[in-house]
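Chemist: Could you work out the structure for the sequence below:
(one chain, ligands or ions: 2)
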Amino acid sequence: MKYVSTRGRAPSLSFIDTVLTGLATDGGLYMPETLPQFSRADIAAMGMLDYQQLAFRIIQPFVGEDLSDRALREIIDRAYRPFRHRAVAPLVQTDTNEWILELFHGPTLAFKDFALQFLGQLFDHLLKKRGERVVVMGATSGDTGSAAIEGCRHCENIDIFILHPHKRVSEVQRRQMTTVLADNVFNIALEGNFDDCQNMVKASFASQSFLPDGRRLVAVNSINWARIMAQIVYYFYAALRLGAPHKTVNFSVPTGNFGDIFAGYLARQMGLPIDQLVIATNTNDILHRCLSDNDHTLKPLVHSLSPSMDIMVSSNFERLLFDLYGRNGAAVTELLTDRSAPLHLSEQALARARQVFSSYRVDDTRTVAVIREQFAASGYLLDPHTAIGVEAARRVRLSAEQPMVCLSTAHPAKFPEAVAQALPQTTIPLPAHMQDLWQREERLEVLPNSLSQVQDYMAALLSAGN
Ligand SMILES: Cc1ncc(COP(=O)(O)O)c(C=O)c1O
Ligand SMILES: N[C@@H](CCOP(=O)(O)O)C(=O)O
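Modeler: Ligands and ions are numbered 1, 2, ... in the order given. As a prediction, this is how the structure comes out:
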């Protein structure tokens with residue numbers, strides 16, 4: 001399998017080189033040259049597989065000859081072993097034909113574990129084999145950071161730097177990252193917002209001369225193709241349990257960087273019967289505005305009760321554009337490089353997107369109300385991001401007969417502030433392995449929103465460690 005850049009001007013790469021490269025040299029994101037296709041019969045035959053077996057079945061065609069089957073199976077088994085639920089991604093029914101897909105049973109309590117525990121194992125395998133030591137640099141609005149740190153902290157061949165927006169992640173999220181005191185883990189609290197962190201990471205990938213000799217950057221954000229690939233699996237897993245391929249299943253996805261819902265889009269392109277994908281946004285609603293009004297105006301980021309989705313520039317939207325514009329890298333480049341006016345989709349591209357996607361925006365007041373209402377109705381406690389997905393699904397679903405699966409992207413214990421506003425009497429205990437989170441020592445560096453200062457800080461630490 002070869003991978004090509006969404007901007008069309010970078011060399012195509014193998015799976016392994018794609019995973020270890022991050023951004024393409026032309027600034028684009030890597031996509032598989034072709035997508036594996038699964039027929040109805042293929043999908044029906046997946047019905048009896050457990051999560052790990054299914055992951056192997058979906059991921060293997062993307063990897064091709066680059067890894068032996070045995071190595072891939074071991075990576076998958078190690079990645080999902082720490083999950084606290086036997087089903088890995090259990091489904092819970094909340095109403096007639098409405099389901100919650102719980103994606104928070106991994107070690108750091110968010111859906112990011114699905115791809116990042118896998119990626120950590122994959123990096124470990126590849127880097128040991130190559131004898132190479134790399135620098136992982138990532139941006140987080142709260143969840144990618146802890147999942148990436150958890151996935152990479154035991155890798156001898158990795159130093160990991162995670163940038164989070166200072167004072168804009170929940171305290172639980174921050175402590176999950178900053179209390180990991182391993183020598184190869186570095187947390188930077190940037191005096192900016194998530195978009196600033198993400199821009200800094202992308203700029204650093206584009207020009208890596210600040211790194212000591214012989215070192216290069218590797219990505220843990222969803223610009224890394226392997227992140228998207230690993231997330232395709234749970235769409236198949238949920239749909240199979242609800243009757244696919246004989247039934248069509250729809251999904252509602254709390255959305256920020258557009259990686260998670262894009263994985264659902266690819267599952268559909270690969271043959272999974274999905275009619276509707278709901279883009280659920282918080283007040284930072286650029287994706288909702290884009291789909292409903294072709295309005296892609298960048299507005300100032302608002303700090304919300306669903307902080308992980310406080311994102312204005314969604315990385316993976318570029319991967320969708322690539323597909324909507326017939327995989328034409330030149331067209332994507334033209335769309336994204338003329339910054340004199342906001343992005344404007346052609347009528348044809350917009351119509352294609354609307355065949356699959358619906359969207360809805362949910363503000364903080366309504367998020368709190370949904371958490372309260374759902375708890376009163378069923379005793380089920382939603383995290384604020386999931387509440388946005390549930391509300392959006394109820395507002396825009398097109399079919400009451402087809403199952404609607406709302407992706408539960410995080411455990412409510414990560415966001416006690418939002419839960420307290422909805423249910424002041426309810427305390428949510430942290431899982432056993434995090435019981436002492438509030439007592440653990442923290443280590444982080446607060447840095448100004450300056451690319452050169454962040455890069456100098458990283459270079460100094462890396463040189464000192466060499
Ligand atoms: C809890 C949670 N929900 C939803 C999202 C949005 O996912 P994506 O960025 O893949 O759209 C994120 C962050 O990415 C998140 O951490
Ligand atoms: N919500 C994310 C933001 C980063 O997105 P990614 O999927 O590109 O890593 C987070 O929690 O950090």
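Chemist: If you tally nearby residues, what's the number for the closest residue to ligand 2 within the stretch 301-450 of the chain?
Modeler: At 4.0 Å from ligand 2, residue 308 is the closest residue in the stretch 301-450 of the chain, using C-beta to the nearest ligand atom. C-beta: built from backbone N, CA, C; applies to glycine. Using other C-beta atoms under 10 Å, residue 308 has 29 neighbouring residues.
Chemist: Correct me if wrong: it contacts residue 256.
Modeler: Yes. Shown here, residue 308 and residue 256 form a contact pair, counting by C-beta atoms under 8 Å, at 6.4 Å.
Chemist: got any residues that touch both of these two?
Modeler: Listed as contacting both residue 308 and residue 256 by C-beta atoms under 8 Å, 6 or more residues apart in numbering are residue 141.
Chemist: Against which helices or strands is the one helix or strand in the chain whose mean pLDDT sits lowest packed?
Modeler: Scoring the helices and strands of the chain by mean pLDDT, DSSP states H and E places helix 329-337 at the bottom, with a mean of 94. When contacts are defined as 3 or more C-beta pairs under 8 Å, 6 or more residues apart in numbering; DSSP states H and E, helix 329-337 packs onto helix 317-324.
Chemist: hey, C-alpha coordinates of the helix it packs on in CSV?
Modeler: Extracted in CSV, the C-alpha atoms of helix 317-324 (Å, rounded to 0.1, in the frame of the first residue of the first chain):
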residue,chain,number,x,y,z
PHE,A,317,-11.0,18.6,7.1
GLU,A,318,-8.2,18.7,4.5
ARG,A,319,-8.4,14.9,4.1
LEU,A,320,-12.1,15.3,3.4
LEU,A,321,-11.5,18.0,0.9
PHE,A,322,-9.1,15.8,-0.9
ASP,A,323,-11.8,13.2,-1.4
LEU,A,324,-14.6,15.7,-2.2
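Chemist: tell me which element residue 137 is part of?
Modeler: Here residue 137 sits within strand 134-139, counting by DSSP states H and E.
Chemist: packing partners for the helix or strand following that strand?
Modeler: Sequence order places helix 143-152 as the next helix or strand after strand 134-139, per DSSP H and E. In terms of contacts (3+ C-beta pairs under 8 Å, 6+ apart), helix 143-152 is packed against helix 112-130, strand 134-139, strand 158-165, helix 171-178, strand 185-190.
Chemist: and the second one with ligand 1, contact?
Modeler: By that I understand strand 134-139. No. Residues of strand 134-139 are not located near ligand 1 by C-beta under 6 Å from any ligand atom, the shortest gap being 10.5 Å.
Chemist: Starting from that strand, tell me which strands it pairs with and how they run.
Modeler: Strand 134-139 pairs in its sheet with strand 158-165 (parallel), strand 217-219 (parallel), by DSSP bridges.
Chemist: which residues touch the residue nearest to residue 61 when sequence neighbours are not counted?
Modeler: Nearest residue to residue 61 in three dimensions, chain neighbours excluded: residue 36, at 3.7 Å (C-beta to C-beta, 6 or more residues apart in numbering). Residue 36 makes contact with 61, 62, 270, according to C-beta under 8 Å, 6+ apart.
Chemist: likewise residue 261?
Modeler: Residues near residue 261 by C-beta under 8 Å, 6+ apart: 251, 253, 255, 277, 279, 357.
Chemist: and the helix or strand hosting residue 58 with helix 112-130, angle?
Modeler: According to DSSP H and E, residue 58 maps onto helix 51-63. Put simply, helix 51-63 runs at 60 degrees to helix 112-130, going by axes from the mean of the first three to the mean of the last three C-alpha atoms, to 10 degrees.
Chemist: Which SSE is immediately downstream of helix 51-63?
Modeler: helix 69-80.
Chemist: in that next one, what counts as buried?
Modeler: 71, 72, 73, 75, 76, 78, 79, 80 (16 or more other C-beta atoms under 10 Å).
Chemist: Nearest to ligand 2 among these?
Modeler: residue 79 (16.5 Å).
Chemist: any idea how far the closest one lies from ligand 1?
Modeler: Relative to ligand 1, residue 79 is positioned 18 Å away (C-beta to the nearest ligand atom, to the nearest Å).
Chemist: And for the nearest residue to residue 140 once chain neighbours are set aside, the neighbour number?
Modeler: Leaving aside its sequence neighbours, residue 140 sits nearest to residue 164 (C-beta to C-beta, 6+ apart; 4.9 Å). Counted with other C-beta under 10 Å, residues neighbouring residue 164 total 27.
Chemist: same question, residue 266
Modeler: The burial count for residue 266: 22, using other C-beta under 10 Å.
Chemist: ok, and the closest non-adjacent residue to it?
Modeler: Computed as C-beta to C-beta, 6+ apart, the closest residue to residue 266 that is not its neighbour in sequence is residue 232, at 5.5 Å.
Chemist: got the contact list for that neighbour?
Modeler: Contact analysis of residue 232 by C-beta under 8 Å, 6+ apart lists 58, 263, 264, 266, 267, 270.
Chemist: need the contact list for the second one.
Modeler: Contacts here follow C-beta under 8 Å, 6+ apart; on that basis residue 263 touches 228, 229, 231, 232, 235.
Chemist: Let me know the closest of those residues to residue 133.
Modeler: Nearest to residue 133 out of these is residue 229 (C-beta to C-beta; 24.4 Å).
Chemist: So is whichever helix or strand the closest one is part of next to ligand 1?
Modeler: Element membership for residue 229 (DSSP H and E) is helix 225-241. No. Helix 225-241 stays clear of ligand 1 (C-beta under 6 Å from any ligand atom), getting no nearer than 7.8 Å.
Chemist: Ligand 2 contacts on the stretch 151-300 of the chain?
Modeler: Residues of the stretch 151-300 of the chain that fall close to ligand 2, judged by C-beta under 6 Å from any ligand atom: 221, 222, 256, 257, 259.
Chemist: Backbone dihedrals for the first one, both of them.
Modeler: The main-chain torsion angles of residue 221 are listed as degrees, to the nearest 10 and equal phi -70, psi 170.
Chemist: wait, doesn't it sit right on residue 136?
Modeler: No. Here residue 221 lies out of contact with residue 136, judged by C-beta under 8 Å, at a distance of 9.9 Å.
Chemist: correct me, but residue 343 touches residue 335?
Modeler: Yes. The pair residue 343 and residue 335 passes the contact test of C-beta under 8 Å, sitting 6.1 Å apart.
Chemist: Those two: which has the busier surroundings?
Modeler: Relative neighbour count places residue 335 above the other of residue 343 and residue 335, with 20 against 17, counting by other C-beta under 10 Å.
Chemist: what sits against the more buried one?
Modeler: Applying C-beta under 8 Å, 6+ apart, we find residue 335 in contact with 321, 325, 343.
Chemist: so what's residue 200 up against?
Modeler: 139, 163, 190, 451, 454.
Chemist: mind checking pLDDT for it?
Modeler: pLDDT recorded at residue 200 is 97.
Chemist: what helix or strand is it on?
Modeler: helix 194-206.
Chemist: orientation of that helix relative to strand 158-165 in degrees?
Modeler: Going by the same axes, to 10 degrees, helix 194-206 makes 150 degrees with strand 158-165.
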